[in-house]
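Asker: Sequence below, structure please.
(2 chains, ligands or ions: 5)
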Amino acid sequence: MNTIVETRTLAPAVKLFRIDAPKVARKQRAGQFVIVRVAPDGERIPLTIAEADSDAGTITLVVQAVGKTTTLMNALDVGDEILDMAGPLGTPSEVAEFGTVVVVGGGVGTAVSYPTAVALSEAGNSVLAVIGARSRPNLLLEEELSAVCAEVRVCTDDGSHGRHGLVTDELADLLETRSVDRVLAAGPVVMMQAVAETTRPYDIPTVASLNPIMVDGTGMCGGCRVSVGGTNRFACLDGPDFDAHLVDFTLLEQRNRAYLDWEAKQRADLHPCAAADQAVDFEATP
Amino acid sequence: MSELSRRERMKRTPVPMPERPPDERRTDFDEVNDGYTAELAIAEAERCLYCARPTCVQGCPVGVDIVEFLRQVEAGRFLEAADVIAADNSLPAVCGRVCPQETQCEGACVLANKDKPIHIGHLERFVADHARAQDRPVAPPPAPTGRRVAVVGSGPAGIACAGDLVGLGHDVTVFEALHELGGVLAYGIPEFRLPKEIVAAEIDRLRERGVSFETNAVIGMVDTVDDLLTVEGYDAVFLGVGAGLPRFLDVPGENFIGVYSASEFLTRVNLMKAYTTDGDTPLVDVRGKAVVVFGAGNTAMDAARTAVRLGGEPVSIAYRRSREEMPARAEEVAHAEAEGVHLDTLVSPLELLGDGDGRLTGLRLQQMELGEPDDDGRRRPVPVPGEIREVAVDVAIVAIGNMPNPLLLRATPDLDRSERGTVVADHDTGSTSKRGVFAGGDIVTGGATVILAMGAGRRAAAAIDDFLRTEPQAAGH
Ligand SMILES: Cc1cc2nc3c(=O)[nH]c(=O)nc-3n(C[C@H](O)[C@H](O)[C@H](O)COP(=O)(O)OP(=O)(O)OC[C@H]3O[C@@H](n4cnc5c(N)ncnc54)[C@H](O)[C@@H]3O)c2cc1C
Ligand SMILES: Cc1cc2nc3c(=O)[nH]c(=O)nc-3n(C[C@H](O)[C@H](O)[C@H](O)COP(=O)(O)OP(=O)(O)OC[C@H]3O[C@@H](n4cnc5c(N)ncnc54)[C@H](O)[C@@H]3O)c2cc1C
Ligand code: SF4
Ligand code: SF4
Ligand code: FES
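Answerer: Numbers count the residues shown, from 1 in each chain, chains lettered A, B, ... in the order given. Ligands and ions are numbered 1, 2, ... in the order given. Take a look at the predicted model:
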């Protein structure tokens, strides 16, 4: 069950897994995720299904090692089994013929938005991708996105590839020159918030794929609640996609910091030196 | 046994349950009650009057033949006693521990009006534990019928249904969304009240008898109910998916860090082992922190007593009615108090307060008083004008009930449900508006009890058996 059939390192600390999971592959729709557990007494963590191949019976996950569970996961290899994997979970992304859609991906968020970009392209949209990373080696899925998008624009924090700047800078420029019908954002919370503020003056429907901390992923605990338009919603049931103009990002950012001390301690236990670095890596990818 | 006269029996004093002292037990998660010894069990059974018209049996939701089981206990025939109970109750080790006996069997015992009801629950627990320790061989399986039933959910309803169906020769698979089996018995009710090994033993026994289990199977998302009936070729489906969606208070500040639903708090601790050094799942540190629990049912007591064990200080229950109205089992309220949980009654939260980082720091409580009785006859709590106080708290746990989880229901639109969102199912058969689909337990009743879920699972098993026998061309074929 859940045997890993292929792995590939996409970037430092980012690994792609193709996993044998025929039922999940058959049911998956863009925007859905699985909950995995990789060790006895281990945590349950959500991971987006980046790709599903129902003929081969496999799903693809792209995992960035940021803490204990993702680090343990990235130590797995071909032939290993994922201890527990439940899904597909979440409400699929809304896919229709919108016209011109811009997909904004920051860091591992690029892998989160990839399946929706594919689905939107297949639905007849003209899809533009704006993707960003710290530096060239950290950039994910540029080639894959080029295959389905009309255009892929790249931004890096250090200018080593594409534009020297943030994805929101690129998005702002793009909105000045093009008429865009819909924007999708996935990445660090600060990035999604910045995207929402960038599109707000244009009144462009904008969707963010939220990443709150989850436990069960089935609506049982309420830990993944997010505030959307002043109402609490469970991201695992009603999301993870929500109207970015209505999301309380400050709250999401705060709630994702609930266990910082614990997470830092776990990172330190795993590899004492790299610990501090990695925390920064994840937070600073807008 | 009849050597004892009625008068002698009435003169005896009830045998208390041996329990670990509060100061010891509040520091660990081991079981609070030690259980009767054989001698204590016999002594307690010797108080029974063996009434000709036993009211105790009427008080039990599944009609356990209490008179006969007590007779066997008194005679020291504990395995025979276990067989008597098993005829009506497939989870006696669980029910003996968690049934609200004071409103059921024991509340209906004739001796209850002298405040000396027979401790039927303690005896049921003793008998079940005794039988489990003997590790008796499972009954040989009957001839296979070749019919396949899918049971969704591994809580008491699902377990009981699966047990009866496999006993009737059907091929049964239980699908569970989580990675562990047992439903609320596994992730909700804590170890100190219901050791997990008891739940595991029940599951193992079902496995030995041939029931298959699939964990991580979220029905409605991976397979739908229709998929089970058509693609997967099951002849019938039983839905025992519980009432899993937590309800919140709907007051400002409920999203501060440190505010949990009881389900999240208990799941992190019980299922994910957040309290052990092995567990990877975090929990806000409650050591030396003020913890408040909203609600006063079993879930609230479990959350409060768990917080005490994790080092919370002080831990209080905030309840808007008075102690008399608390829905928790009397034993749980008494145990909670003995362990140092403070009962703050007639208060209602107005607002939760936090700091700049979004962490909970306190709350505003409104003092209440009891007013006129409302529809269900209980006096309605009403605010006392102007009496509002502010309290410092670090962790707040909301235990005010659950609603049906929409996950499976959304994917099964042709299943009739009530205004409350529960599945509409026939009380006697569990049959629903969808052919071949039966339901029972909390998903039908809303949050209720283990014994009611167990009973519903068993009645549905009988109905499913009928359905399979009378309609050989079952749904989907
Ligand atoms: C719907 C959804 C889809 C996701 N898809 C992917 C994916 O495809 N690939 C991927 O690599 N990650 C994805 N994530 C994030 C992933 O679940 C977290 O990185 C993971 O839970 C971290 O676990 P850990 O034990 O390794 O790290 P922890 O020690 O728990 O956390 C390490 C760091 O990550 C932060 N963090 C913790 N949980 C989250 C979270 N849920 N979201 C964002 N930051 C978090 C912490 O604040 C901390 O800085 C997704 C999250 C959600 C909610
Ligand atoms: C903390 C707590 C303490 C309690 N204390 C007591 C007590 O002392 N005495 C008492 O009598 N009662 C008590 N109760 C109530 C009692 O536990 C429930 O009434 C009983 O467990 C209901 O049983 P069930 O089988 O209907 O559902 P559950 O026990 O809720 O089991 C349902 C199962 O179905 C699974 N599931 C849900 N959706 C799906 C899906 N789509 N696909 C697959 N699986 C799914 C769930 O994960 C769960 O495992 C307590 C409840 C709680 C929460
Ligand atoms: S099942 Fe519950 S109510 Fe019935 S006799 Fe046993 S403890 Fe009492
Ligand atoms: S009502 Fe009480 S005394 Fe009478 S048979 Fe039942 S348990 Fe015994
Ligand atoms: S993760 Fe528990 S309700 Fe969403």
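
Asker: For the rest of this, base every contact and every neighbour count on C-alpha atoms.
Answerer: OK.

Asker: show me the contacts for B:His179.
Answerer: A:84, B:215-216 (C-alpha atoms under 8 Å, 6 or more residues apart in numbering or on different chains).

Asker: how close does B:Phe265 sit to ligand 4?
Answerer: B:Phe265 sits 38 Å away from ligand 4, taking C-alpha to the nearest ligand atom, to the nearest Å as the criterion.

Asker: If you rank the contacts of B:His179 by neighbours, which is first?
Answerer: A:Asp84 (21 neighbours; other C-alpha atoms under 10 Å in any protein chain shown).

Asker: Could you check how far the closest residue to that one other than its chain neighbours is from ligand 2?
Answerer: Distance criterion C-alpha to C-alpha, 6 or more residues apart in numbering or on different chains; nearest residue to A:Asp84, sequence neighbours excluded, is A:Arg37 at 5.0 Å. Separation of A:Arg37 from ligand 2 (C-alpha to the nearest ligand atom) stands at 16 Å.

Asker: just checking, A:Arg37 touches A:Ala86?
Answerer: No: counting by C-alpha atoms under 8 Å, A:Arg37 does not reach A:Ala86; the two are 9.1 Å apart.

Asker: Who has more neighbours out of the two?
Answerer: Neighbour comparison, A:Arg37 and A:Ala86: the larger count goes to A:Ala86, with 25 against 21 (by other C-alpha under 10 Å).

Asker: In which helix or strand does the more buried one reside?
Answerer: strand A:84-89 (DSSP states H and E).

Asker: for B:Glu31, same thing?
Answerer: Applying DSSP H and E, one finds B:Glu31 in no helix or strand.

Asker: could you check the distance from it over to B:Ala330?
Answerer: 17 Å (C-alpha to C-alpha, to the nearest Å).

Asker: give me the number of residues near A:Asp173?
Answerer: Neighbours around A:Asp173, by other C-alpha under 10 Å: 10.

Asker: what kind of secondary structure is it in?
Answerer: Assigned state for A:Asp173: helix (three-state reduction, DSSP: H, G, I helix; E, B strand; the rest coil).

Asker: Next up, the contacts around B:Gly430.
Answerer: Counting by C-alpha under 8 Å, 6+ apart, B:Gly430 has contacts B:438-440, B:456, B:459-460, B:463.

Asker: now, which of the residues you listed lie within helices?
Answerer: Those of those mapping onto helices are B:456, B:459-460, B:463, per DSSP state H.

Asker: what residues does the stretch 1-150 of chain B put near ligand 4?
Answerer: B:48-51, B:54-56, B:67, B:109-111, B:118 (C-alpha under 6 Å from any ligand atom).

Asker: I'd like to know which of those are buried.
Answerer: When these are checked for burial by 16 or more other C-alpha atoms under 10 Å in any protein chain shown, the buried set is B:48-50, B:54-56, B:67, B:109-111, B:118.

Asker: Next step: the residues you listed restricted to helices.
Answerer: Per DSSP H, helices hold the following members of those: B:55-56, B:67.

Asker: what sits against residue 186?
Answerer: No chain specified, so I'll use chain A. Per C-alpha under 8 Å, 6+ apart, neighbours of A:Ala186: A:104-106, A:109-110, A:112-113, A:192, A:208-210.

Asker: Actually, chain B is the one I wanted.
Answerer: B:Ala186 touches B:180, B:196, B:199, B:270-271, counting by C-alpha under 8 Å, 6+ apart.

Asker: one step back: is it possible to get a markdown table of the residues of the stretch 1-150 of chain B next to ligand 4 that adds pLDDT?
Answerer: Below are these laid out as a markdown table (pLDDT from 0 to 100):
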| residue | pLDDT |
| --- | --- |
| B:Cys48 | 96 |
| B:Leu49 | 94 |
| B:Tyr50 | 94 |
| B:Cys51 | 94 |
| B:Pro54 | 95 |
| B:Thr55 | 95 |
| B:Cys56 | 96 |
| B:Val67 | 96 |
| B:Cys109 | 96 |
| B:Val110 | 94 |
| B:Leu111 | 94 |
| B:Ile118 | 96 |
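
Asker: Pretty sure A:Leu184 sits against A:Thr100.
Answerer: No: counting by C-alpha under 8 Å, A:Thr100 is not a contact partner of A:Leu184; they are 11.3 Å apart.

Asker: ok so, going back, which one of the ones in helices among the contacts of B:Gly430 sits in the busiest neighbourhood?
Answerer: Neighbour counts for those peak at B:Ala460, which has 32 neighbours (criterion: other C-alpha under 10 Å).

Asker: Distance check, that residue against chain A.
Answerer: 25 Å (C-alpha to the nearest C-alpha, to the nearest Å).

Asker: you'd agree that residue is up against B:Ala425?
Answerer: No: in this structure, B:Ala460 is not within contact of B:Ala425 by C-alpha under 8 Å, at 9.9 Å.

Asker: between those two, what contacts are shared?
Answerer: Between them, B:Ala460 and B:Ala425 share the contacting residues B:431, B:438-440, judged by C-alpha under 8 Å, 6+ apart.

Asker: of those, list those near ligand 4.
Answerer: Okay, of the shared contacts of B:Ala460 and B:Ala425, nothing touches ligand 4 (C-alpha under 6 Å from any ligand atom).

Asker: Could you dump those into CSV and include neighbour count and pLDDT?
Answerer: Formatted as CSV, these follow (neighbours: other C-alpha atoms under 10 Å in any protein chain shown; pLDDT from 0 to 100):
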residue, neighbour count, pLDDT
B:Ser431, 21, 96
B:Phe438, 26, 97
B:Ala439, 31, 97
B:Gly440, 35, 96
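
Asker: ok, which of those residues also contact chain A?
Answerer: Among those, no residue lies close to chain A (C-alpha under 8 Å from any C-alpha of the partner chain).

Asker: Just give me the closest of those to B:Gly288.
Answerer: B:Gly440 (41.8 Å; C-alpha to C-alpha).

Asker: Tell me who's in contact with that closest one.
Answerer: Applying C-alpha under 8 Å, 6+ apart, the residues contacting B:Gly440 are B:157, B:238-240, B:425, B:430, B:453, B:456-457, B:460.

Asker: on that earlier part again, with respect to B:Leu409, which of the contacts of B:Gly430 is nearest?
Answerer: Nearest to B:Leu409 among the contacts of B:Gly430, with distances taken as C-alpha to C-alpha, is B:Ala439, at 11.8 Å.

Asker: before we move on, the earlier item: return the subset of the contacts of B:Gly440 lying in strands.
Answerer: B:238-239 (DSSP state E).

Asker: what's across from B:Gly354 in the sheet?
Answerer: B:Leu360 (DSSP bridges).

Asker: any idea how far whichever residue of chain B sits closest to ligand 1 is from B:Gly362?
Answerer: Per C-alpha to the nearest ligand atom, B:Asp280 is where chain B lies closest to ligand 1, at 7.7 Å. Counting by C-alpha to C-alpha, the gap from B:Asp280 to B:Gly362 is 28 Å.
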